Structures are given as C-alpha cells and as structure tokens.
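Student: test case, fold it:
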Amino acid sequence: MSILQLKDYNFAYPNSNILTLSDIDLSVEEGEFVIICGRSGSGKTTLLRQLKTVLAPYGQKSGEIFFKGKRLEELSEREQAKSIGFVFQDPDEQIVTDKVWHELAFGLESVCEDKSVMKRRVAETASFFNLSGLFDRDCHTLSGGQKQLLNLASVIAMGCDAVILDEPFSRLDAIAGAEFAANLNRINKDLGITVIISEHCTDEIMSFADRLVIMENGRIIADSSPEEVIKKMKNNSVSLAF
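Tutor: Below is the predicted model:
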C-alpha cells in the first residue's frame, strides 16, 4: 500500500514561469527506504517540502499528493505532525528547547499528547537511540552528530509512519554519518518506518535503500532499485557524483 503518492504534480515559485517541479509521479510504499538524488537545484528539497503542508513553500501548484490514500491537505497539522516526521539539513535548525529530555517531549507536548503516553514514548525512544546517558544534557553542548540523532529521535517519538530527511549528512563527519545511517536503517527495518531521504553523496545509505530516485531540472529521470538505476546511468554515461 502506498503511504505517500504524488500524481502529475507541478510547482512553480511566485512570479516565475519556470516549473521547479514538473510532471512528478512518485509512489512510496509503506516500509520502503527511498533515496532521492540530484544536483543542487534539481528540485529535491522543494519536492520533500511538498510532503508536509506546513513546510511547503508558497507558489503555484497543480496535481495531487496523498498520504495513505487521503489528500494531504485534508489532514490537519496535528495529524501530519504525528504521522510525518521531517529532519532538516542543519542539526541546529530544528532544536527548540534547552534539555535533551525536553526536546524529545516537545513534539508530543505540542500535540497535547497524554502525559503517561508522553513519558513512555520519551523513555522508549531514548533507550532505542541510546540517548539515556544524555537525558539531562543541555542541547547546545551536544556534538553535531548527537544533535542530528536527537532530531531524528524527536520525530520518531511522535509515532510517525514516515520520516523525511533533507540532506541530513551534509553537516556530519564520517563517524557521525555512519552512526546516523545505522540508526536510519534500524528505524526502517526494526520499526517499519518509511524513510525518504534526499542526498548528494549516498555512500552511507545506498546499501539500505529499496529505491533510488534521480531528479534533474525538476523532473524524475530514473526510479528503480539502486542496482538498476546505477546500471542505467552508467549505460547512458551519466555520473552519479552529485
């Protein structure tokens, strides 16, 4: 069953005659791990932000987006907050509280979750991501990798069905990137959470992916298993070094 689906979707920023997204048809199944690649300006970030209405940029749109068979705009912000997680490129951009434990609880507080449920989810999430030892730390004292892991853990604590990540490795060193990649694989394989991630360099996560989607000039030019896409791009002498 499709968890997220775009049908004949187009988008242009205000006062622009150029489509940033053009004729996008994309269906992501529940539990899939999907990587979206493309050069800077190919439309990756714009595409991902369409998948959560509170983050979608203003502009001219046509086509439809569905979440679990329901039009995305018909879901309330609360429903989207609980069901669709989003992790940004900059680890500091997303953290809004002082302590690690409060950051884990913040999203649940914002949707008025029951306190007993909140405590249980925070404890379970901290344990799953091995954050219990950092529970009382000030967020600003964490490393970049720890902050990005906290951002991921905070959206998982909400009980989301899908998590969307916009180039989350770009500010991480190799060691932190490898740990973050391993945790993405764990939430996908162990928790069954759908992962949709945009990246320039995909070495850290390619082995985890079910599908590789390539974008160019706002269009999807390839969409298949990583092996098939890489073979196709090589046969057409197109570099994957974005």
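Student: so where does Thr45 fall, helix or strand?
Tutor: helix 44-49 (DSSP states H and E).
Student: and the next helix or strand past that helix?
Tutor: Next in line after helix 44-49, if elements are assigned by DSSP H and E, sits strand 60-67.
Student: for that following strand, list the C-alpha coordinates in CSV.
Tutor: C-alpha atoms of strand 60-67 as CSV (Å, rounded to 0.1, in the frame of the first residue of the first chain):
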residue,chain,number,x,y,z
GLN,A,60,1.6,27.8,-8.0
LYS,A,61,0.7,24.1,-7.7
SER,A,62,-1.2,21.5,-9.7
GLY,A,63,-1.7,17.8,-9.2
GLU,A,64,-2.4,15.8,-6.1
ILE,A,65,-0.5,14.5,-3.0
PHE,A,66,-1.9,11.6,-1.0
PHE,A,67,-1.0,10.2,2.4
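Student: quick one: residues in contact with that strand.
Tutor: 2-12, 14, 24, 50-51, 71-73, 75, 80, 83-84 (CB atoms under 8 Å, 6 or more residues apart in numbering). In short, each C-beta sits where N, CA and C put it, glycine included.
Student: give the buried residues for that strand.
Tutor: Within strand 60-67, the residues that count as buried by 16 or more other CB atoms under 10 Å are Ile65, Phe66, Phe67.
Student: what of stretch 12-23?
Tutor: Ala12, Leu19, Thr20, Leu21, Ser22.
Student: what about the helices in this protein?
Tutor: 44-49, 77-83, 91-94, 100-110, 115-128, 144-156, 174-189, 226-235 (DSSP state H).
Student: return the set of buried residues in the top strand by length along the chain.
Tutor: Determined from DSSP state E, the single longest strand within the chain is strand 2-12. Buried residues in strand 2-12, counting neighbours by 16+ other CB under 10 Å, are found at Ile3, Leu4, Gln5, Leu6, Tyr9, Asn10, Phe11, Ala12.
Student: redo those residues as JSON lines? Include distance to Asp98 and pLDDT.
Tutor: Formatted as JSON lines, the buried residues of strand 2-12 follow (distance: CB to CB, whole Å; pLDDT from 0 to 100):
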{"residue": "Ile3", "distance to Asp98": "34", "pLDDT": "97"}
{"residue": "Leu4", "distance to Asp98": "33", "pLDDT": "97"}
{"residue": "Gln5", "distance to Asp98": "39", "pLDDT": "97"}
{"residue": "Leu6", "distance to Asp98": "38", "pLDDT": "98"}
{"residue": "Tyr9", "distance to Asp98": "39", "pLDDT": "98"}
{"residue": "Asn10", "distance to Asp98": "42", "pLDDT": "97"}
{"residue": "Phe11", "distance to Asp98": "37", "pLDDT": "97"}
{"residue": "Ala12", "distance to Asp98": "40", "pLDDT": "96"}
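Student: let me know the closest of the residues you listed to Leu191.
Tutor: Ile3 (13.8 Å; CB to CB).
Student: hmm, the closest one is touching Lys68, no?
Tutor: Yes: using CB atoms under 8 Å, Ile3 is in contact with Lys68, at 5.9 Å.
Student: shared neighbours of these two, anything?
Tutor: Common contacts of Ile3 and Lys68, defined by CB under 8 Å, 6+ apart, comprise Asp161.
Student: OK, contacts around Arg171?
Tutor: Gln89, Asp90, Pro91, Gly144, Gln148.
Student: now list the buried members of these.
Tutor: Among these, those classed as buried by 16+ other CB under 10 Å are Gln89, Asp90, Pro91, Gln148.
Student: burial measure for the nearest residue to the first one once chain neighbours are set aside, as a count.
Tutor: For Gln89, the nearest residue in space outside its immediate sequence neighbours is Glu167; the separation is 4.5 Å by CB to CB, 6 or more residues apart in numbering. Residues contacting Glu167 under the criterion other CB atoms under 10 Å number 20.
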